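Chemist: could you look at this predicted model? Sequence included:
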Amino acid sequence: MTTPTPRHFLDLSALSREELRAILDEAHARKALRLDWPKAKIDEDAPLDGHALAMIFEKNSTRTRVSFEIAMLQLGGRAIVLGAKDTQLGRGETVEDTARVLSRMVDAVMIRANSHDDVLRFAEASDVPVINGLTDLSHPCQILADIMTIEERAGDIAGKTIAWLGDGNNVCTSFIHAAEKLEFKLRIASPASYAPRTQEVAAAKAAGADISVGTDSKAAIAGADVVVTDTWVSMGDTDKDERMAAFPPYAVGEAMMAHASKDALFLHCLPAHRGEEVSDAVIDGPQSAVWDEAENRIHAQKAVLMWCLGKL
Ligand code: CP
Ligand code: NVA
């Protein structure tokens with residue numbers, strides 16, 4: 001059976017505050033119900049019993065792939081992983097035809113794609129919910145896990161100051177999308193040529209978000225409650241030399257962390273490039289919550305899958 005109007009999960013900016021809160025609350029609640037359980041044990045209520053998810057990967061993944069597969073398993077459903085190059089997409093079958101076919105075979109599709117536009121085209125042609133598993137524009141699943149981690153470690157995110165140091169691309173953009181809905185302050189510092197897209201910042205600010213964008217890393221991190229960074233060279237980037245020259249002032253080492261609030265958390269979506277955007281001392285230190293953050297991908301995505309399939 002297909003959902004008449006599929007509930008796609010494409011960007012946090014498309015969700016209402018209530019929907020975002022419901023997803024986060026479900027993620028926290030479901031995590032609490034299975035503390036210390038074996039990881040492949042199915043949740044008592046098996047809410048997605050009989051459901052199947054297809055995952056299409058145009059780019060590499062460790063966390064997104066494993067967390068979605070385990071998420072479906074824990075919810076009582078099944079996941080099928082497709083490398084884009086192994087499918088007929090890799091031989092030129094259109095995104096739209098692929099979406100029509102998969103809509104007849106599975107209940108939801110997660111896509112990690114080079115182009116956000118391709119995910120939008122897929123969703124437009126799909127009769128089943130489509131989930132953005134990272135594009136050039138955004139990474140909404142990651143930010144749900146980040147917010148969940150902040151709430152676990154530091155309580156309500158409203159009013160907190162989050163400092164983003166580094167590339168203003170996909171992960172940063174999803175923080176921009178969440179800022180107004182969850183009422184946190186976002187302080188972004190990037191090299192001018194790697195700043196976030198102005199239209200995303202402008203739209204968030206127009207909706208009431210408290211966001212600043214600049215080039216001064218110390219100004220952005222001053223007094224922050226949470227410090228976040230990401231790789232300097234994302235998948236698909238071809239200007240590695242320029243990036244390696246531009247980003248060192250945004251590296252998060254102990255001296256940089258000392259400008260944040262005393263108990264500030266450190267987050268990173270991973271994979272980390274130790275010695276580049278983050279030092280060993282910070283990522284392995286007491287302020288780092290990166291392993292909880294990675295685990296929370298499972299719990300957050302379970303709630304996303306349930307929301308997409310009308311169970312929330
Ligand atoms: N953070 C994240 O999305 O990791 P993967 O690229 O391993 O999926
Ligand atoms: N910005 C990174 C995130 C990886 C999870 C990339 O796009 O490669």
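Modeler: Received the coordinates, thanks. Numbers count the residues shown, from 1 in each chain. Ligands and ions are numbered 1, 2, ... in the order given.
Chemist: E26 is in contact with A303, correct?
Modeler: Yes - the criterion here is Cβ atoms under 8 Å, and A303 meets it with E26 at 3.9 Å. Placement of C-beta: from N, CA and C, glycine included.
Chemist: identify the contacts common to these two.
Modeler: L312 (Cβ atoms under 8 Å, 6 or more residues apart in numbering).
Chemist: and the residue nearest to F9 when sequence neighbours are not counted, backbone torsions?
Modeler: With sequence-adjacent residues excluded and distances taken as Cβ to Cβ, 6 or more residues apart in numbering, F9 is closest to I131, at 4.6 Å. Dihedral pair for I131: phi -110, psi 130, per degrees, to the nearest 10.
Chemist: who has more neighbours, A303 and E26?
Modeler: Neighbour totals were compared for A303 and E26, and A303 leads with 25 against 20 (other Cβ atoms under 10 Å).
Chemist: list the contacts for that one?
Modeler: 22-24, 26-27, 30, 144, 312.
Chemist: quick check, pLDDT for it.
Modeler: Model confidence at A303, expressed as pLDDT, equals 98.
Chemist: ok, K240 - contacts?
Modeler: For K240, counting by Cβ under 8 Å, 6+ apart, the contacting residues are V233.
Chemist: and with 10 Å instead?
Modeler: With contacts defined as Cβ atoms under 10 Å, 6 or more residues apart in numbering, the neighbours of K240 are 232-233.
Chemist: how near is it to H273?
Modeler: With distances taken as Cβ to Cβ, to the nearest Å, K240 is found 11 Å from H273.
Chemist: now for these two: what residues contact both?
Modeler: Overlap between the contact sets of K240 and H273, as judged by Cβ under 10 Å, 6+ apart, is given by 232-233.
Chemist: spit out the contact partners of M148.
Modeler: M148 makes contacts with 23-25, 27-28, 31, 157, 292-293, 295-297, 299-300, 303, as judged by Cβ under 10 Å, 6+ apart.
Chemist: same thing with E69?
Modeler: Neighbour list for E69: 40, 53, 55, 78-81, 298, 301 [criterion: Cβ under 10 Å, 6+ apart].
Chemist: as a markdown table, these with distance to ligand 2, secondary structure and neighbour count would be great.
Modeler: Formatted as a markdown table, the entries for these read as follows, by distance: Cβ to the nearest ligand atom, whole Å; DSSP: H, G, I helix; E, B strand; the rest coil; neighbours: other Cβ atoms under 10 Å:
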| residue | distance to ligand 2 | secondary structure | neighbour count |
| --- | --- | --- | --- |
| A40 | 24 | coil | 9 |
| L53 | 19 | strand | 27 |
| M55 | 15 | strand | 23 |
| R78 | 24 | strand | 16 |
| A79 | 19 | strand | 21 |
| I80 | 22 | strand | 15 |
| V81 | 17 | strand | 16 |
| I298 | 15 | helix | 23 |
| Q301 | 14 | helix | 29 |
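Chemist: not counting sequence-adjacent ones, nearest residue to Q301?
Modeler: Going by Cβ to Cβ, 6+ apart, Q301 has A71 as its nearest residue, at 4.5 Å.
Chemist: contacts only, for the one you found.
Modeler: 30, 48, 53, 77, 79, 110, 297-306.
Chemist: okay, and which of those map to strands?
Modeler: Residues from these lying in strands, with DSSP state E as the criterion: 53, 79, 110.
Chemist: tell me the one among these nearest to E93.
Modeler: Sorting those by how near they are to E93, with Cβ to Cβ, puts M110 at the top with 18.4 Å.
Chemist: what residues are up against that closest one?
Modeler: When contacts are taken as Cβ under 10 Å, 6+ apart, M110 is in contact with 9, 53-57, 64-65, 68, 71-72, 79, 81, 119, 129-134, 141, 301, 304-305, 308.
Chemist: if you set the cut-off to 8 Å instead, what comes out?
Modeler: Contact partners of M110, counting by Cβ under 8 Å, 6+ apart, are 53-56, 64, 68, 130-133.
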